[in-house]
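Student: Just to be clear, the model below is a prediction. Sequence and coordinates:
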Amino acid sequence: MKTTARGRIATQVLLWAYAGVAAGPLLLVVLGSLRPNQDLLRDPLGLPQRPTLANYERAWQSASLSTYLWNSVLITAAAVALCTTVSLMAAYPLARWHFRGRAMLAAYFLSGLMLPIKLGILPIFYMFQSMSLIDSRLGLILLYAASGIPFSVFVLMAFLRGLPRDVEEAARIDGADELRLFRSVITPLARPAIATVAVFQIAPAWNDFFFPLVLLRSTDKYTIPVGLSRFFGEHAADRGALYAGLVLAVLPLVVVFVIASRQIVAGLTAGIGR
Amino acid sequence: MSRRVCSAVSSSGSGLVAKRGAGSSGRVGWTAFFCGPAALLYTVFVVVPLVTALWYSIFSWRGTTQGPLSGLDNYATVLTAYPYQDQLLRAFGHNGVFFVGTMLVQNTVGLALALLLHRAPLGRRLFQTLYSLPYLISPLVVGYLWSMLLSPSFGPVNAVLEAVGLDALARPWLGDPGTALPVVVLVNAWQWVGGPMLIFGAALAAVPAELEESARIDGASAWKTFWTVRFPLILPTVGVVTLLTFIGTFNVFDLVFALGGSSGGPGQAMDVLGLLFYRLAFQGGVNAIGLSSALAMLMFVFVFGISLLVDRMLRRREVNP
Amino acid sequence: MAKLARWVLAAAVVAAATGCAPGGAPADGNITLNVWGWRTEDVAAYNKIFERYEKNHPGVNVEYRAFKNTEYNTILLTGLAGDAGPDLAQLRAYGELQPSIASGGLLALDGQIEALKSFPSSTLDGVRSKDDGKVYGVPFAIQTMHVIYNKKLFAAHAIAPPATWQDMTAGADTLQSAGVTPFAVTVRDDWMLPIEHEIFGAGRYGGPDFRERLLRGNAKFTDPDYVASIELYAGTTKYWQPKFSGVGYDDAKALFASGKAAMFPGGVWELAEFRRAVPDIEMGIFNVPPPPDAKVNKTLTPGFVDGSFGVSSRTPRQAQALELARWMASAEFGQAFSDELTQISAVPGTTPTDPLLKQAFEGFRANPGPYLMYGDFGYGTPSGAELLRAGLADVLLGRKSAADVASGLQRGVEQWFRPRG
């Protein structure tokens, strides 16, 4: 069946059909963002007759999206970098050394996979208050980095386990200490897994809107989702601008994902997927 | 859960772990150096707040002011007071349906897509990217988008059904207790199917091609080859996906909130534990913190316990396939 | 990649660290009063109102900052409990106000604001503590509930605002046979259901008289009149849009605004939003005339206190904050509020200039109806609103009888509700 022409065509048809299901609704948003409001209200589904970027102009100007975008980029990038760095460091001994309490420590990290951190909003608030982290982007960076650790450790551990044993041996014989070994041998080898972990951390941090809403106070520190929710409240009737705002909010993620997709697949292949 | 994950991890690399240096004092320093930052960050910002939240559950609260120790009173209220007792059971059942539905739809479709892509390398990355796009969008936005698409007054879904003469199938989708929960399961699957697809795809890529070849030479059909050759080999991956699905579906909140509001839609047909927690925490009156923390504790114990149990079962299954 | 990550991390830490330096007072000696609220759609109007205050109070800036309404209660609780919180805050009324008071985050205003004495006691009930009976906020708005109708559609089908229940159903029949949806009603956003029930059913169960008996313990929700009011409300569904159970709040509003439906049962606050969406819309309002077997032979206008502005007990600028709160109890603020926001000010003696608002307010003043679930039965857990929302949805879907829902409501609130005297 694999080799017949009919089978190949059927496979392609199925794949394209599901691509329509997956991307179709998103396409509606993109098309909608190019149409004026009156058209949208009359016929929510039509094609843009005279495509216009006016919605984007309105969204960009009235919502100070550039500020929100910068905050989101800053917070997400820093949180993901921090999370990936510390998770990779922790995953290394957990995956490749034998020491007492290793299984316990791994279990401790991984149990975080099933803790919904939202339940802790009030204690987090009080803790942030005592650390002067209210209304601070640093607070969010630390929070997102910490909440990404269980999943990152999980994936990185699985990946590092799969590396052949001799990768460290050569370096050890050369007299490298553990830190050098980690930096110059393990880290480069783990690159696909790092990409996987990073991308899986980016979306939740980028999209979170609950914590910034409660923990930030100044509008000039707002992230994209909070800014958008504010914008939604003020312009509930302006559907075209809402669509444009959504597109602008998702676009950076899509770009990152497309760039990193080869690495992600490689990371999964070598890690949890085996 | 954690043991299952660990066992999955160790089974994939057993024997590769460097045995030297175990217990030596230098290693202890290095271990602390490597694990310390993650442990510190994770403990301070994840574990401590959650443990504190659970500690809150044995006090009665007046707004944000901690009142006297109340023992198990909050638990008694959540478990026995009307209407929470009924809501808890119903929400729990809905989470169960959510889990089973997600396994059947999301993970099956994810596996099917992974198989199709496995045999059709042409454009594989394009498809993988397209299928994963919905994952990049916040669940709240996904909810907003789909409630527009499914709207009986303005939505295209019913409009299309009516245009092709299938009026009888047009429904108030999210307002019909019979369809609301299945619809949420489908939308959720639409958003997350990229995950299992990528993971299963990676697992399939790791199955040695010679095994399939030899099965095919024996004259086995593609269907049979899959079940006898490939599936047993990707069983550990199925286990990991099952557990991640279980944890995800019992903690689901954002999407259901966006599609059904805080009470889970008309007839509370979409009510889940996450929404019940939200109602107790944010609309629960003066003792909201106490009551919602008690529910959080119950949810955590349940998810943790079942995860361990499922882990056991899966591992037993793996031993004698 | 690792190198890049290090750079990004370093940059972020520096930026975040410099970004969290405390704001402090501006160099020119001005002070800023932060007022928090949930009306994201009204930020511009509030800032315009506060400009009048700033003009007469040199050196004081007032900034209205709005947060998403669904998360506002949580944000306010944390804001009142910690640093960088508000000086004044917009507060919900009745039961939803109690957690903020119980947390100790608010200043009692008795004796601080003279003008509060002129507010009617029924208005102050919305801003009182259930524990100490003190007043914790200056009420800003009265919200009333009506049937909003499209004047053009009514004229096109020769329908007048109804004087009797039969008029109303006859008008709805006319519209329906002409292919116009009589009522656009939301079911999916079920917080609207108790409001819709009051609009259609208040006269049937008896409105304020029944409330009085409930509060004294002489009546129950299981009484036949209350059960019948639920049945009456559910009986109007034949005039609602097709597949009504799947229609959300925004969709129902869009049905009315686009002229596909002729009437919308809802709050007076919808008027401004309809006008914003369709600037040339011509609307009128009426209240549901007494239905058959009504316990009250008057047309009731249900209404309630929307909320208030309170003063944080932690603000370092208490004197200035109180001064602003005093202004918010004045006729000047009341008039500015009703002019800029097109809402009914709670300040006594203020009359709305907008004719529809005026009609709404006069209806409420003449024959007020209660909003039982938000008002008197919102103080405990489970709240009446929570119980009735779910219950009414079950009735509309045909899954429960009105009697079952009424007994569930009674059973739920009995767990905490204590009749007085």
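Tutor: Received the coordinates, thanks.

Student: going forward, measure contacts and count neighbours with C-alpha atoms only.
Tutor: OK.

Student: Nearest to the spatial middle of chain C, which residue is it?
Tutor: For chain C, the residue lying nearest the average C-alpha position, counting by Cα atoms, centre = their mean, turns out to be C:Asp306 (4.5 Å).

Student: Show me what the strand or helix carrying B:Ile247 is packed against.
Tutor: Using DSSP states H and E, B:Ile247 maps to helix B:231-250. In terms of contacts (3 or more Cα pairs under 8 Å, 6 or more residues apart in numbering or on different chains; DSSP states H and E), helix B:231-250 is packed against helix B:2-13, helix B:84-102, helix B:194-205, helix B:288-319.

Student: try it again with 6 Å
Tutor: Helix B:231-250 is packed against helix B:84-102, with contacts defined by 3 or more Cα pairs under 6 Å, 6 or more residues apart in numbering or on different chains; DSSP states H and E.

Student: Buried ones in the helix or strand that comes right after the helix it packs on, by neighbour count?
Tutor: Counting by DSSP H and E, the next helix or strand C-terminal to helix B:84-102 is helix B:108-119. Residues B:109-118 are the ones in helix B:108-119 that count as buried (16 or more other Cα atoms under 10 Å in any protein chain shown).

Student: for whichever helix or strand comes after the helix holding B:Ile247, the distance to its chain's centre please.
Tutor: The element immediately downstream of helix B:231-250 (helix or strand, assigned by DSSP H and E) is helix B:254-260. Distance of helix B:254-260 from the chain centroid (Cα atoms, centre = their mean, to the nearest Å) equals 15 Å.

Student: Mind checking if helix B:254-260 is in reach of chain C?
Tutor: No. Helix B:254-260 lies out of reach of chain C by Cα under 6 Å from any Cα of the partner chain, never closer than 7.1 Å.

Student: Now the stretch 201-350 of chain C against chain A: closest residue?
Tutor: C:Ala277 (6.0 Å; Cα to the nearest Cα).

Student: sorry, back to before: helix B:108-119 and the helix holding B:Ile247, what's the angle between them?
Tutor: Counting by axes from the mean of the first three to the mean of the last three Cα atoms, to 10 degrees, helix B:231-250 points 140 degrees away from the direction of helix B:108-119.

Student: List the buried residues in helix B:231-250.
Tutor: Buried residues in helix B:231-250, defined by neighbour count with 16+ other Cα under 10 Å: B:231, B:233-250.

Student: Report the mean confidence score over that helix.
Tutor: Helix B:231-250 shows a mean pLDDT of 86.

Student: ditto for stretch A:58-72
Tutor: Stretch A:58-72 comes out at a mean pLDDT of 82.

Student: now stretch C:283-296
Tutor: Stretch C:283-296 comes out at a mean pLDDT of 95.

Student: Any idea how far apart the tips of it sit?
Tutor: Stretch C:283-296 has an end-to-end distance of 27 Å (Cα to Cα, to the nearest Å).

Student: ok now that stretch, how far from the chain's centre?
Tutor: Using Cα atoms, centre = their mean, the offset of stretch C:283-296 from its chain centre is 21 Å.

Student: and the angle for the helix holding B:Ile247 with helix B:194-205?
Tutor: Using the same axes, to 10 degrees: helix B:231-250 against helix B:194-205 is 160 degrees.

Student: quick one: helix B:231-250 to helix B:84-102, angle?
Tutor: Using the same axes, to 10 degrees: helix B:231-250 against helix B:84-102 is 150 degrees.

Student: ok, back up a step: per-residue confidence for the residue of the stretch 201-350 of chain C closest to chain A?
Tutor: 78.

Student: what residues does the stretch 201-350 of chain C put near chain B?
Tutor: C:243, C:245-246.

Student: Which of the residues you listed sits closest to C:Leu372?
Tutor: C:Ser245 (23.8 Å; Cα to Cα).
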